[in-house]
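**Q** This is a predicted model, with the sequence first.
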Amino acid sequence: MMPGLKELQNAFKRNVVNGDEEFGKYVNTAGAVSSDVRLAIYGNAYFARLEEALESDYDILKQLLGEDVFNEICMAYTKKYPSHYYSLRWFGQDFPAFLGYQPDSGEHHWPAEMAQLEWHFVGAFDAADDVVATEADAAAIAPEAWAELKIRFHPSVRTMAIWWNTLTRWRTAKDAEIVPESVRLLEPAQCLLWRHELMTQYRSMEADEAIALQAALAGANFSELCGALAEEMQDQEMVPMKAAGFLKTWLAAGMISELLA
Amino acid sequence: MQVNIRSGDFVQTEMKTNKPFLGCGLGLRPEYYETIVETRPAVDWFEIISENYMVDGGKPLHFLDRVRENYPVVMHGVSLSIGGTDPLDQAYLKRLKQLIDRVEPQWVSDHMCWTGQGGHNLHDLMPLPFNQEAIDHVVARVQQVQDYLGCQILLENASSYVSYVQSEMTEWEFHTEIMQRADCLMLFDINNIYVSARNHGFDPLDYIRGIPAERVWQFHLAGHSDYGDYVIDTHDHPVVKPVWELYAEALRHFGPVSAMIERDDQFPPFEELMAELDELRNIARDVSGNDGPENDDAKKREAS
Ligand SMILES: [Fe+2]
């Protein structure tokens, strides 16, 4: 019995993905070009297209690992994580996890961390658009409303902990400078990414800013944010001033969409 | 209240009765965003790859909106999988419809192909066997899609490198029956016909003559990679002479059809694409005496 459309597509897919030979018998062989050569066009294009998608998402990682190693990793990833998305935009999303990124313990090697950083850049690049609040919005808030004030951040804002000198290596590679060897940091650091006026931005944060930002991102109001900061700081009297300073920095950077008084 | 009627509105209503002619266009690619927005080149219309704008915000949608303010836009998708045997992807269709509402395109197209199976997307335009089973299958799905979107869709002939022993008819007979039964339209890719004709040994003129003119609303032209015994549709070279000649033949057979050049790799300076666009115009003018919509904005810009 002749196979139906679904069986044909399944056999064709298996040929493309892992070279399964069953589909060969359903291909016309007339002409100068063999069915193997014809089918290889699809097989090669399949992997090339997926690798190209990973390359554009993980451009610096590729540069630092070198073409051959990156190519091998892509091949393995493509086998383990076949695309289930209608758009290639999402194909690379499991790459950091595939490379062993451990967000909480930091027990990963630098490529995993570099991949996570680059994936955050992808996310910040096309995150939802939103309005941007200004210092004038902050100035308009009544003094008694500050304690309960909540901050709605721009949808592009992301943070990540880094255990390696990943940020320096990313920047030097991007600027075509000499890239330092990978080393683990003495203390994990915090990195911030967001988009302002269509451009993705990034910088590292001191521990106190990271604590304040993470509290605010988790929905803390201004007095709760100060509470979180107080646990970190020696001089308790400086806490409100410090928190207000961070808020001002975030507003100036275009990271805040709305102040909810 | 002022009612703003944009040319895109007819997508929702009387699409079929009157074939629009947009003139000569280009594919919108991120490499040229700034140039297009800043210099407003004399391009009659742009085509976008729909999936590239199925994102939440940032640069892609920003530039899409800027381009749309100044040009007619058509939407061209690669993930509909109209010939696929998995159920139609409802999440995809929903996103497509949202984008249609944002862009108000002149029309929406995808390919006569399947793109994945068993939930595994190959992200390629896979060929169908040209037989009755596939026709029935595609016709039913086109009807579903058109009902959901509320407009007719154009389906493009994809390039192919294999043909199935299960095929019972020519590719043009296959397309024609589907278009007539599902009442859909065609995006006629002239380069793909050249590529497939070379790969499968048919006469591209038979293809052109086999398609009913009233169904053909758009042309694609592009470059390819020629390996002698076979040809691969790579969109990384200028259009070659035999494809320009086929374009002229197609114009003779179909009459004026909105035409555009696709470039997806080895991007040249924008002026080189504009020079290819001039070639597209020259041929349209020579063959059908018509290379663009009258009183068109692009023309006015050119004149001023
Ligand atoms: Fe095309």
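**A** All right, it came through fine.
**Q** Please, where are all the helices along the stretch 101-250 of chain A?
**A** Assigned by DSSP state H, counting those that start in this stretch, the stretch 101-250 of chain A shows helices spanning A:110-125, A:135-139, A:166-174, A:207-217, A:222-232, A:239-252.
**Q** ah, wrong one, I meant the stretch 201-304 of chain B
**A** In chain order, the stretch 201-304 of chain B shows helices spanning B:204-209, B:241-254, B:270-288, B:297-303, with DSSP H, counting those that start in this stretch as the criterion.
**Q** I'd like to know which of those is closest to the ion.
**A** When the helices of the stretch 201-304 of chain B are ranked by proximity to the ion, the top entry is helix B:241-254, at 11.7 Å, counting by C-beta to the ion. C-betas here are computed from N, CA, C, even on glycine.
**Q** I'd guess residue B:192 is in a helix, am I close?
**A** Yes: looking at residue B:192 with DSSP: H, G, I helix; E, B strand; the rest coil, it is inside a helix.
**Q** Against residue B:114, how distant is it?
**A** Computed as C-beta to C-beta, to the nearest Å, the residue B:192 to residue B:114 distance reads 16 Å.
**Q** Can you pick out the residue with more neighbours from the two?
**A** Shown here are residue B:192 and residue B:114; by other C-beta atoms under 10 Å in any protein chain shown, residue B:114 has more neighbours (28 against 24).
**Q** for the more buried one, what are its contacts?
**A** By C-beta atoms under 8 Å, 6 or more residues apart in numbering or on different chains, the contact list for residue B:114 reads A:9, B:81, B:82, B:83, B:84, B:85, B:126, B:128.
**Q** any idea which of the helices of the stretch 201-304 of chain B scores lowest on pLDDT?
**A** Within those, the least confident segment by mean pLDDT turns out to be helix B:297-303, at a mean of 49.
**Q** Please work out which residues outside the helix ranked longest in chain A touch it.
**A** Among the segments of chain A that qualify as a helix by DSSP state H, the longest is helix A:35-57. Defining contact as C-beta under 8 Å, 6+ apart, one finds that helix A:35-57 is touched by A:12, A:15-17, A:19, A:23-24, A:27-29, A:62, A:70-71, A:74-75, A:77-78, A:83, A:88, A:91-92, A:95, A:118-119, A:122, B:122-124, B:126, B:161-162, B:199, B:230, B:232.
**Q** Take those residues and keep only those in strands.
**A** Secondary structure of the contacts of helix A:35-57 is defined by DSSP state E; positions in strands are B:122, B:123, B:124, B:126, B:232.
**Q** ok, the third one - how many residues close by?
**A** Meaning residue B:124. Using other C-beta under 10 Å, the number of residues around residue B:124 comes to 18.
**Q** Which of the helices of the stretch 201-304 of chain B sits closest to residue A:2?
**A** Closest approach to residue A:2 among the helices of the stretch 201-304 of chain B is made by helix B:204-209 (26.0 Å; C-beta to C-beta).
**Q** tell me which residues in that closest one are buried?
**A** Using 16 or more other C-beta atoms under 10 Å in any protein chain shown as the test for burial, helix B:204-209 gives B:204, B:207, B:208.
**Q** I'd like to know how many residues surround the residue of the stretch 151-261 of chain A found nearest the ion.
**A** Here the residue of the stretch 151-261 of chain A nearest the ion is residue A:198; by C-beta to the ion that distance is 29.3 Å. Using other C-beta under 10 Å, residue A:198 has 12 neighbouring residues.
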